[in-house]
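Colleague: Pasting the sequence and the predicted model now:
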Amino acid sequence: MSYMRRISSLDKIYHFKTEMEINAYHYTAGPIGTRWLEALKNGELKVAKCNKCGTRFLPPKLYCPKCFSEVSELESISGEGYIDTYSVIYYNDSGERMSEPVIIALIRFEGIYGGIIHRVKTDPKKIRIGMRVKPVFRRDKKGSIDDIEYFQPIE
Amino acid sequence: MSQPVVLGIGYSGFQPSTSHYNIREMIYEAAAKAYEDAGGIDPGSDVDAFVSCQEDFWEGISINDEFVPDQLGAVLKPVYTISGDSLQCVLSAYSMIRSGAFDIVVVESHGKPSEILTMRDIILMSYDPIYIRPLNPENVFVFNALEAKAFMEYNKIDREALGRYVISSLRKGLRGRRNPYASIKNVEAYLEEEYVVEPLTKLDFAPYSDAAVVVVIASEDVAKKFSDEYIKISGVWSVSGTSSIVYDDLREDTMTKIAARKVFDMTGIKDPVREIGVFEIDERISHVPLMVIKALRLSEDVNRDLMMGRFDEEGDLPVNPFGGALSEGNVLEAHGLARLVNAYEILKGSLGSRRYSDVEKILIHSRRWPSSRTTTLAILSR
Ligand SMILES: [Zn+2]
């Protein structure tokens, strides 16, 4: 536009840098999520189960992802799953090379709808889709998805 | 029922940074150009309503809908804000025109990523706070990479084919109008790039651009009073998938598949390969257009067709023939309108050669960035 020509030098435009403190919330896990996280705290991996259609799924929700019924039941599983897809992080968000690459995978479990996204500890050259893995829990657990430190291949 | 048409377009920016104008000044520039392109409409007396697609976190302002009216000339008019990609706004405007209650609706969208200093934090905040976010991955695009990996492995798309897509698209961008990142590179250079998040390199991600786009949508009957150079919106449809990628298949783009069925039905398209002349597809992350090509059933073997150049400018299925987001940059929620602007210009004959002069229909696609399952498709036609 024509009045743009009046701007001869960019440093004449003022810019204001502001920082907003917005990253502080209480996130509610809800009744079924809380029980699921309590199970993790006990070193147990559970799945939600819909009593109407029988779908067993992860992560848990109060509503069935298949039939929309209310869900209240949790069921234990062995925790042994398989890698459905994965990625290896070689550079972080700031473009710096990672000293050690980190593997993140979507882990699925036989007969369970959904899955868990988590770290996998193994050689990035050896990882492959379909690889069988199991969770390794931290010693000091807090009732968080991070109570699982990582998944590791089943020998 | 009223036929919705694109009566005019205007834009500002499509530059890596636009430090001379604030975003509202960019919208004002885009709006003034769009109203002029639409035959000189007056927003005060001619426009019935305004729809804006934006996201508060990109703005750095909460409840940003309050800031929509002024720079569009929309004060004291109905204004709707959608937190989503701008093609979702086109669906709203289309529906409003079809209802007969509105004659002219203005759609606006913008993105000014150059002002965002905490992009990582905003993106991480878009993930589930209980089941995903605590992982706090060192690179937030790892979630996109999970999808890329699953899709490429299952559909046997190799790195060279993905590289061909990227390199071809960057070159096509040289012939476009809004493409600061268009460049000539070869596949060897792509293959030498290291993975950032396997299987994606930095060349697989569109860099950021600032832009504002305004589009005037009208019923055909009313449009005729202002101009006879308008483009029809024959159909538009949007599908939202699950919020959690773990519930998704990741091997195929179910959202596009369903949206395509609906939009082809709306427009009477039986054979998209023959009937659609150009495809304007979201390529902000390079594997996404390949998922869309597959979901639209344009190709049985995407890897082979990439190597054969079917999606290049001289191919029979030109995808983003004047460059897509890899060349123009990622303009956040304005991306869908960027695709629409290209389609509008191609159909009007103002962009490109005679190669595209007989194109009757163009499909446009946008998926909300960075990893939303909300996908919108539209068909524009002469
Ligand atoms: Zn159920």
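Modeller: Okay, I see it.
Colleague: list the buried ones in the helix or strand that contains B:Ser45?
Modeller: Using DSSP states H and E, B:Ser45 falls within helix B:43-46. Buried residues in helix B:43-46, counted by 16 or more other CB atoms under 10 Å in any protein chain shown: B:43, B:46. Where C-beta positions appear, they are placed from N, C-alpha and C, glycine not excepted.
Colleague: CA atoms only for it - export them in PDB, please.
Modeller: The C-alpha coordinates for helix B:43-46 follow below in PDB (Å, rounded to 0.1, in the frame of the first residue of the first chain):
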ATOM      1  CA  PRO B  43     -17.800  -3.700   3.900                       C
ATOM      2  CA  GLY B  44     -20.200  -1.400   5.800                       C
ATOM      3  CA  SER B  45     -23.100  -1.500   3.300                       C
ATOM      4  CA  ASP B  46     -22.500  -4.700   1.200                       C
END
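Colleague: which other residues reach it?
Modeller: Contacts to helix B:43-46, defined as CB atoms under 8 Å, 6 or more residues apart in numbering or on different chains, come from residues B:31, B:35, B:72-74, B:77, B:104, B:106, B:226.
Colleague: Got a PyMOL select line for the buried ones in those residues?
Modeller: Selection of buried members from these for PyMOL, criterion 16+ other CB under 10 Å:
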select buried, chain B and resi 31+35+72+73+74+104+106+226
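Colleague: would you turn the contacts of helix B:43-46 into JSON lines with secondary structure, pLDDT and distance to the ion?
Modeller: What follows is those, written out as JSON lines (DSSP: H, G, I helix; E, B strand; the rest coil; pLDDT from 0 to 100; distance: CB to the ion, whole Å):
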{"residue": "B:Ala31", "secondary structure": "helix", "pLDDT": "98", "distance to the ion": "48"}
{"residue": "B:Tyr35", "secondary structure": "helix", "pLDDT": "98", "distance to the ion": "51"}
{"residue": "B:Leu72", "secondary structure": "helix", "pLDDT": "98", "distance to the ion": "45"}
{"residue": "B:Gly73", "secondary structure": "coil", "pLDDT": "97", "distance to the ion": "50"}
{"residue": "B:Ala74", "secondary structure": "coil", "pLDDT": "97", "distance to the ion": "45"}
{"residue": "B:Lys77", "secondary structure": "coil", "pLDDT": "97", "distance to the ion": "45"}
{"residue": "B:Ile104", "secondary structure": "strand", "pLDDT": "98", "distance to the ion": "46"}
{"residue": "B:Val106", "secondary structure": "strand", "pLDDT": "98", "distance to the ion": "43"}
{"residue": "B:Phe226", "secondary structure": "coil", "pLDDT": "97", "distance to the ion": "53"}
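Colleague: possible to save the contacts of helix B:43-46 as CSV with distance to chain A?
Modeller: Below are these laid out as CSV (distance: CB to the nearest CB, whole Å):
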residue, distance to chain A
B:Ala31, 11
B:Tyr35, 13
B:Leu72, 16
B:Gly73, 15
B:Ala74, 19
B:Lys77, 23
B:Ile104, 23
B:Val106, 19
B:Phe226, 22
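Colleague: how about B:Arg178, what does it touch?
Modeller: Neighbour list for B:Arg178: B:11, B:14, B:211, B:328, B:338, B:341 [criterion: CB under 8 Å, 6+ apart].
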